[in-house]
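1. Can you look at this prediction? I've put the sequence above it.
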Amino acid sequence: MITQFIHVETYGFRSAACKTTINKVINEALRVKANSKHVLSPLEPSFMYGTRESLALVPKALKRLTKASEKKTGKKVRVDAQLLGTAIASFPYTTEQTLEDSKIGALFHQWKHYNLKFAQEEWGNDLFCVLLHMDEAHPHMHIYCMPKLAPNGHIVLTSHPGRNANMENAHEDKARQRVLYIQALKAFQMRYHLSVGLPLGWTIKGEQPRKRLTNKQMRATQTPTFKPKMM
């Protein structure tokens with residue numbers, strides 16, 4: 001049974017815990033060499049929404065937003081404040097299968113359409129960019145959302161359902177917030193399933209979660225038996 005899910009995350013200019021930073025995330029997406037060492041044969045991404053030029057300017061745009069916030073509130077914005085919202089959806093068939101099998105290729109085009117429509121409906125005006133990578137083991141889509149400057153001068157990022165639930169229930173204790181966080185993410189995954197997975201006949205859950213690989217292990221899975229190309 002084919003499974004399908006989407007992963008959401010947020011980033012700041014300084015790394016929090018073990019996460020990477022806004023600059024590194026953007027550079028990896030744009031296949032800047034220093035930030036794409038995990039990719040054996042990097043290819044230019046294909047932009048489905050937004051442009052390469054606008055994505056490259058995201059760090060500067062967020063810096064301007066933080067300065068506007070500081071000017072209005074009179075308070076410094078934390079360097080690890082979460083300012084960039086992202087989501088990643090991976091196509092369940094390999095890149096090789098997608099490029100060489102016409103039936104899987106047709107399914108891939110449907111998958112791209114459903115994902116873009118979901119992103120536009122889920123994030124609306126906060127949606128900034130959607131791009132596609134075809135240079136790793138599986139085709140995958142990166143989605144980027146920008147924050148807004150609230151009337152009170154605070155920066156508000158609403159792309160992460162779990163974080164939204166915590167902000168809306170800040171008065172609750174930590175245990176209750178954790179429950180609401182998980183519930184919000186489950187509801188989000190169900191919306192994604194109904195919009196993308198279900199129309200393609202896929203399920204929302206797999207028997208086991210996919211094992212996280214190191215960069216070295218990822219590169220080992222990318223040994224090409226075919227010449228990568230864009231669709």
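-> Yep, it's here.

2. who's in contact with stretch 188-200?
-> Residues outside stretch 188-200 that contact it (C-beta atoms under 8 Å, 6 or more residues apart in numbering): 2-6, 8, 89, 107, 110-111, 114-115, 117-118, 121-122, 161-162, 202-204. All C-beta atoms are positioned from the backbone trio N, CA, C, and that covers glycine.

3. Turn the buried ones among the residues you listed into a named PyMOL selection, would you?
-> PyMOL command restricting these to the buried ones, with burial defined by 16 or more other C-beta atoms under 10 Å:
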select buried, resi 4+5+6+8+89+107+111+114+115+118+122+161+162+202
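
4. Mind naming the longest helix for the chain?
-> In the chain, taking DSSP state H as the definition, the longest helix is helix 102-123.

5. okay, that helix in PDB with CA atoms only?
-> C-alpha atoms of helix 102-123 as PDB (Å, rounded to 0.1, in the frame of the first residue of the first chain):
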ATOM      1  CA  SER A 102       4.900   6.600 -18.500                       C
ATOM      2  CA  LYS A 103       2.100   5.500 -16.100                       C
ATOM      3  CA  ILE A 104       4.000   6.600 -13.100                       C
ATOM      4  CA  GLY A 105       4.900   9.800 -14.900                       C
ATOM      5  CA  ALA A 106       1.200  10.500 -15.500                       C
ATOM      6  CA  LEU A 107       0.600   9.900 -11.800                       C
ATOM      7  CA  PHE A 108       3.400  12.200 -11.000                       C
ATOM      8  CA  HIS A 109       1.800  15.100 -12.900                       C
ATOM      9  CA  GLN A 110      -1.500  14.500 -11.000                       C
ATOM     10  CA  TRP A 111       0.400  14.500  -7.700                       C
ATOM     11  CA  LYS A 112       2.100  17.800  -8.500                       C
ATOM     12  CA  HIS A 113      -1.300  19.400  -9.400                       C
ATOM     13  CA  TYR A 114      -2.900  18.100  -6.200                       C
ATOM     14  CA  ASN A 115       0.000  19.300  -4.000                       C
ATOM     15  CA  LEU A 116       0.100  22.800  -5.500                       C
ATOM     16  CA  LYS A 117      -3.700  23.100  -5.100                       C
ATOM     17  CA  PHE A 118      -3.500  22.000  -1.500                       C
ATOM     18  CA  ALA A 119      -0.700  24.500  -0.800                       C
ATOM     19  CA  GLN A 120      -2.700  27.400  -2.200                       C
ATOM     20  CA  GLU A 121      -5.800  26.400  -0.300                       C
ATOM     21  CA  GLU A 122      -4.000  25.600   3.000                       C
ATOM     22  CA  TRP A 123      -1.700  28.700   3.200                       C
END
